[in-house]
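> What follows is a predicted structure for the sequence shown.
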Amino acid sequence: MRAKLLVAGLIVLALLGVFCASLLREATTTSRTAGATARRPSLTPPRPALTPAEEAYAQALWAIHGDVKSAAYKLTFSGLRYKLKQADGPEFGTGVRDASKSFGQVEARVRALAPPPSLRQVHAQYLDAVHLFQRSAAEMLKVTADGRDDHLLAAHPLSQEASETLLRVGNMIWPGEYLPN
């Protein structure tokens, strides 16, 4: 009986310790957050709303952007599946060729858009990203010709740069990548 009482007492003490630690942490976190917010005003002004022409361009590009992301995923996962021996050479080649074909179609669709003057640089950067994906796919396809995985290593930085460019461009016209309204 005495052992049970001792164990129960230790459990209660442990729970009280955890409770006190959580209260202390909550108190310091709340005061730190409130103090930081009160001291530091927002340094960046709110982003101005898109003009009607910019909004129309953003919506048209958004429709294309889904295809770019899909092709980029296909390209990336084709390479990963090949390296993990989950896909053979022909299956890998088919995936990369499909992605490459998609990038070619996307390029034509992006070129057909007429960006407003304020978004011409964004448009050019978007096209640059698509071209980087195309170059990456072309490099990856060399694996099917000579079987050397070095081509995957050479293609990776191209895809990575393209992805980073798309993130920067996307953040300019679709912050958080949500459909513009």
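Nice, I can see it. Residues are numbered from 1 along each chain as shown.
> Please enumerate the helices of the protein.
2-39, 52-83, 89-112, 120-146, 150-173 (DSSP state H).
> which helices and strands does the second one pack with?
Secondary structure elements in contact with helix 52-83, counted by 3 or more C-beta pairs under 8 Å, 6 or more residues apart in numbering; DSSP states H and E, are helix 89-112, helix 120-146, helix 150-173. Bear in mind the C-beta positions are built from the backbone N, C-alpha and C, glycine included.
> give me that answer again for 6 Å
Counting by 3 or more C-beta pairs under 6 Å, 6 or more residues apart in numbering; DSSP states H and E, the packing neighbours recorded for helix 52-83 are helix 89-112.
> Using PDB, list the CA coordinates for the helix it packs on.
What follows is helix 89-112, C-alpha atoms only, in PDB (Å, rounded to 0.1, in the frame of the first residue of the first chain):
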ATOM      1  CA  GLY A  89      15.500   3.100 -69.000                       C
ATOM      2  CA  PRO A  90      12.600   3.000 -71.400                       C
ATOM      3  CA  GLU A  91      10.100   4.000 -68.700                       C
ATOM      4  CA  PHE A  92      12.400   6.800 -67.500                       C
ATOM      5  CA  GLY A  93      12.800   8.000 -71.100                       C
ATOM      6  CA  THR A  94       9.000   8.000 -71.600                       C
ATOM      7  CA  GLY A  95       8.500  10.100 -68.500                       C
ATOM      8  CA  VAL A  96      11.200  12.600 -69.400                       C
ATOM      9  CA  ARG A  97      10.000  12.900 -73.000                       C
ATOM     10  CA  ASP A  98       6.400  13.500 -71.800                       C
ATOM     11  CA  ALA A  99       7.600  16.200 -69.500                       C
ATOM     12  CA  SER A 100       9.700  17.700 -72.300                       C
ATOM     13  CA  LYS A 101       6.800  17.700 -74.700                       C
ATOM     14  CA  SER A 102       4.700  19.500 -72.000                       C
ATOM     15  CA  PHE A 103       7.300  22.100 -71.500                       C
ATOM     16  CA  GLY A 104       7.400  22.700 -75.300                       C
ATOM     17  CA  GLN A 105       3.600  23.200 -75.300                       C
ATOM     18  CA  VAL A 106       3.800  25.500 -72.300                       C
ATOM     19  CA  GLU A 107       6.500  27.600 -73.900                       C
ATOM     20  CA  ALA A 108       4.200  28.200 -76.900                       C
ATOM     21  CA  ARG A 109       1.300  29.100 -74.600                       C
ATOM     22  CA  VAL A 110       3.400  31.500 -72.500                       C
ATOM     23  CA  ARG A 111       4.800  33.200 -75.600                       C
ATOM     24  CA  ALA A 112       1.200  33.700 -76.900                       C
END
